[in-house]
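Q: Okay, sequence plus prediction incoming.
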Amino acid sequence: EAVAPVAAVAPVARVADADGGTRSAAATRSLTPGLRSLARRRRPWIVIAVALALGALLLVLVQGTARPPGAPLGADNAAPAGARALVEVLRSHGVAVREVRTLAAAEQGAAAGATVFLYDELGVLDRDRVGALADASARLVIARPDFTSLEVLAPGVRLAGVADGAIDGASCDVEAAVRAGGLSDGQRLLTVDDGAAASGFTGCFASGDGFALVTGTSPAGGALALVGATTPFENQAIDEAGNAALVIGLLGASDELVWYLPGPGDADAAAAPTLAELTPGWVSPVMVLLIVVTIAAGIWRGRRFGPLVVEDLPVHVPAEETGQGRARLYARSSARDRALDQLRFGTIRRLAVALRLPRSAHVDEVVTGAADASGRDAASVRSLLVDAPATGDRELVGLARDLDALERQVRAALRPDHDASEPTGRRP
């Protein structure tokens, strides 16, 4: 029983010395847990951290490949979805292009007589802001207009899907469209009803019932051009078919061009829907019901009827299992000193009982009694029971065997049938 915890200590490896002998590898091993043991102990957390890091890296890579760099149709964006190629061509033709991101700057440029190009990708501008921009612009070109722009500026013009392929023929007398002659694949279409046609709106590049370009006059009297898609403006398609001729003709009509991409500051915060407006009507009653049910369940399960009753449970844990489990914990954490202390405590306690010493007896009394009974030197007994350290697994196993041998010698010496002339040295 005294040596049961030692059974879990790892076996001692032996390595060759420089002179051909062998020595204990545990003798040179540090008592402090090394990097390998710490990594083994924290392996689950390391795996989780590595998985999170790989997931974050994969997310960054996916987002980087899925999202095009720069703003779509940005004047300085050289990516496929940008419009830098068109802007550079316009500047080479003597058109001063100025990119703005606020409505005030766009209105200021429009008031100076510049053509205004608008692409509101996220639908930031509301009805009032679209109308204000049209009122200030003598010439306004809108790429892929949304419902708000069509309702305010071109009543009767509506979205009509995507063209089946490339479009040949202008189908109108607009100079820029006639010069283009046709458009590439990827065009979005607009329809013009009778009321819009009566108001002066004309469709160009027909495909079925829709048109890729609609021109007319805004409510304020300025020239208005509605291009159904962003394809003719993009770097990746501007050199296809007549895309370049069309957009250069629409945007290069004046010496100055305001390139306006609305930013977050142009949104009307007061008109934005509140959280209550965005929440469906059934959410609030369900939340109230869940709160009530949670409180009721807490009261039901948490209430105690009467005082607590203490009851001894029939649980029995064998001492051998407890010793082996504790030994495994000591071995895993390299706690040799703690394991040796437990072995010494048990040996001293059993020796005190065998020597008929009181429970309050000092360890020196146990050392003296054990030395007298076993015939050993008191200094060596004290070193074994108190002072000798365990610097490695081999030393720990040796001390455990010595403790067991000392206890056996003392018990043998105290037996009634013990022969005093029999030597009490250490057993093999």
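A: The structure has been received and is ready for your questions.
Q: Could you use CA atoms for every contact and neighbour count after this?
A: Noted.
Q: Low-confidence stretches in the stretch 201-350 of the chain?
A: 268-273, 277, 303-308 (pLDDT under 70).
Q: Could you rerun that using 50?
A: For the stretch 201-350 of the chain, no stretch is flagged by pLDDT under 50.
Q: mind listing the strands for this protein?
A: Along the chain, the stretches classed as strands by DSSP state E are 14-16, 22-24, 96-100, 115-118, 139-143, 157-162, 167-168, 182-183, 188-192, 202-207, 210-217, 223-227, 256-260.
Q: Need the ones you listed in CSV (columns: mean neighbour count and distance to R332).
A: Output for the strands of the chain, formatted as CSV (neighbours: other CA atoms under 10 Å; distance: least, CA to CA, whole Å):
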stretch, mean neighbour count, distance to R332
strand 14-16, 12, 20
strand 22-24, 14, 19
strand 96-100, 18, 67
strand 115-118, 24, 70
strand 139-143, 23, 70
strand 157-162, 18, 69
strand 167-168, 18, 76
strand 182-183, 25, 75
strand 188-192, 24, 70
strand 202-207, 23, 78
strand 210-217, 24, 75
strand 223-227, 23, 73
strand 256-260, 25, 68
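Q: Make TSV out of those and add distance to S360.
A: Shown next, in TSV, are the strands of the chain (distance: least, CA to CA, whole Å):
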stretch	distance to S360
strand 14-16	43
strand 22-24	40
strand 96-100	91
strand 115-118	95
strand 139-143	96
strand 157-162	97
strand 167-168	106
strand 182-183	104
strand 188-192	98
strand 202-207	106
strand 210-217	103
strand 223-227	101
strand 256-260	93
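Q: Select, out of these, the one closest to A335.
A: Proximity to A335 (CA to CA) singles out strand 22-24 among the strands of the chain, at 18.2 Å.
Q: how close does L118 sit to S149?
A: L118 sits 10 Å away from S149, going by CA to CA, to the nearest Å.
Q: Then P314?
A: Distance, P314 to S149, using CA to CA: 80 Å.
Q: what do you get for S199?
A: 16 Å.
Q: So which of the two has more stuff around it?
A: More crowded of S199 and S149, by other CA atoms under 10 Å: S149, with 23 against 15.
Q: looking at it, that one is touching V130, isn't it?
A: Yes - S149 lies in contact with V130 (CA atoms under 8 Å); the separation is 6.4 Å.
Q: and G94, how far is that from E256?
A: For G94, the distance to E256 equals 9 Å [CA to CA].
Q: try L183
A: L183 sits 25 Å away from E256, going by CA to CA.
Q: got it, and L226?
A: From L226 across to E256, the span is 19 Å (CA to CA).
Q: So for stretch 344-352, what gets flagged as buried?
A: Residues of stretch 344-352 classed as buried by neighbour count (16 or more other CA atoms under 10 Å): 344, 347-352.
Q: Tell me what F117 is bridged to.
A: V141, W259 (DSSP bridges).
Q: Check the contact between it and S254; I expect there is one.
A: No - applying CA under 8 Å, one finds F117 not in contact with S254, separated by 12.0 Å.
Q: And stretch 404-417, what's buried?
A: Buried positions in stretch 404-417, judged by neighbour count with 16+ other CA under 10 Å: 404-413.
Q: if you look at those residues, which of them are in helices?
A: 404-413 (DSSP state H).
Q: now, which of these sits nearest R36?
A: D404 (33.3 Å).
Q: now the buried residues of stretch 344-352 in a markdown table, with distance to T322?
A: Formatted as a markdown table, these follow (distance: CA to CA, whole Å):
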| residue | distance to T322 |
| --- | --- |
| R344 | 17 |
| T347 | 17 |
| I348 | 20 |
| R349 | 18 |
| R350 | 18 |
| L351 | 22 |
| A352 | 23 |
